[in-house]
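Peer 1: fold the following for me, if possible:
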Amino acid sequence: MTQIEYQDLYKTINKNWNDSVSIYKSIVSKLVTSETVIMEAGCGFSNLYTEEYKRAKHVIGVDISDEYLKMNDLIKEKIVSDLSSIPMIKDNSVDLIISSWVFEHLETPENVIKEFGRVLKPGGRVVFLTPNALNYVVVINKIIPHWFRVWVATKLGGKLTVEPMKTFYRGNTLGTLNRMAKNAGLNSDETILNGDPTYVAINRFFFYIGVFIEAIISLPLLNKTRVHIIGVLRKD
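Peer 2: You can find the predicted model right below:
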């Protein structure tokens, strides 16, 4: 079974649960209008927002990899750049910045969030999805060898388009993110901590172990260790 199939199975066990990508995408979709200028930070070759990008006024894709950008058929304006400095984008020119599975790969996340604050218009928002460094899966991910992470990713998702990228997790706790946002002139509009037991589901046995662990970390004292952080930051 793939990770998506295990997620579907978990939805039959926990009726109130939804996967983090669906939650994230729903938040983004509600913020996109015909007047919205979007910057997707670390867009790579993703095509997650086909309908939203058709609806938006303009979309800019920024990624450090020219190779990934060339694979992206959805975004027309593409900028090859480190996210910590994007001089091609003017101050106060973007309504919405979206970024999924990127923060964990940033060497200097504080500089990136400051750059987000610079390019955002007043009232603009950043919507992000990233792993929580306090979660047990992330802790394990930090210590296991690269070849094993590639094997697990292949086991859960099938053939990989690209290998897992290097991770740093330097901006991946609520406290760190809130501090960086405040220093960049951004305030937290919304934060969702969402669990997902399928990251250990290399087979059904480990899936049910993940379900059990998820039940434990959903308790009040541990719920800040759920695997994903979905956040909305606002520039006043």
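Peer 1: can you tell me the strand partners of the longest strand that the chain contains and which way each runs?
Peer 2: Secondary structure of the chain per DSSP state E: the longest strand is strand 120-131. Strand pairing for strand 120-131, determined by DSSP bridges: strand 94-100 (parallel), strand 228-235 (antiparallel).
Peer 1: where do the helices of this protein begin and end?
Peer 2: Taking DSSP state H, the helices of the chain run over residues 3-13, 20-31, 50-55, 66-70, 109-119, 136-143, 146-157, 174-183, 204-217.
Peer 1: what are the contacting residues of the longest strand of the chain?
Peer 2: Applying C-beta atoms under 8 Å, 6 or more residues apart in numbering, the contact partners of strand 120-131 are 20-21, 24, 27-28, 31, 92-104, 113, 116, 137-138, 141, 169, 171-172, 186, 189, 227-236. To be clear about C-beta, it is placed using only N, CA and C from the backbone, and glycine gets the same treatment.
Peer 1: follow-up on the earlier one: looking at the helices of the chain, which one has the lowest mean pLDDT?
Peer 2: Comparing mean pLDDT across those, the weakest is helix 146-157, with a mean of 64.
Peer 1: same list (the helices of the chain) but as JSON lines, adding distance to Ile86 and mean neighbour count.
Peer 2: Below are the helices of the chain laid out as JSON lines (distance: least, C-beta to C-beta, whole Å; neighbours: other C-beta atoms under 10 Å):
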{"stretch": "helix 3-13", "distance to Ile86": "32", "mean neighbour count": "16"}
{"stretch": "helix 20-31", "distance to Ile86": "20", "mean neighbour count": "17"}
{"stretch": "helix 50-55", "distance to Ile86": "19", "mean neighbour count": "14"}
{"stretch": "helix 66-70", "distance to Ile86": "14", "mean neighbour count": "14"}
{"stretch": "helix 109-119", "distance to Ile86": "6", "mean neighbour count": "22"}
{"stretch": "helix 136-143", "distance to Ile86": "27", "mean neighbour count": "14"}
{"stretch": "helix 146-157", "distance to Ile86": "29", "mean neighbour count": "13"}
{"stretch": "helix 174-183", "distance to Ile86": "17", "mean neighbour count": "16"}
{"stretch": "helix 204-217", "distance to Ile86": "36", "mean neighbour count": "16"}
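Peer 1: including distance to Leu83, could those helices go into a markdown table?
Peer 2: Rendered in a markdown table, the data for these read as follows (distance: least, C-beta to C-beta, whole Å):
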| stretch | distance to Leu83 |
| --- | --- |
| helix 3-13 | 27 |
| helix 20-31 | 18 |
| helix 50-55 | 19 |
| helix 66-70 | 13 |
| helix 109-119 | 4 |
| helix 136-143 | 21 |
| helix 146-157 | 23 |
| helix 174-183 | 13 |
| helix 204-217 | 30 |
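Peer 1: Met39: which of those is closest?
Peer 2: helix 109-119 (6.7 Å; C-beta to C-beta).
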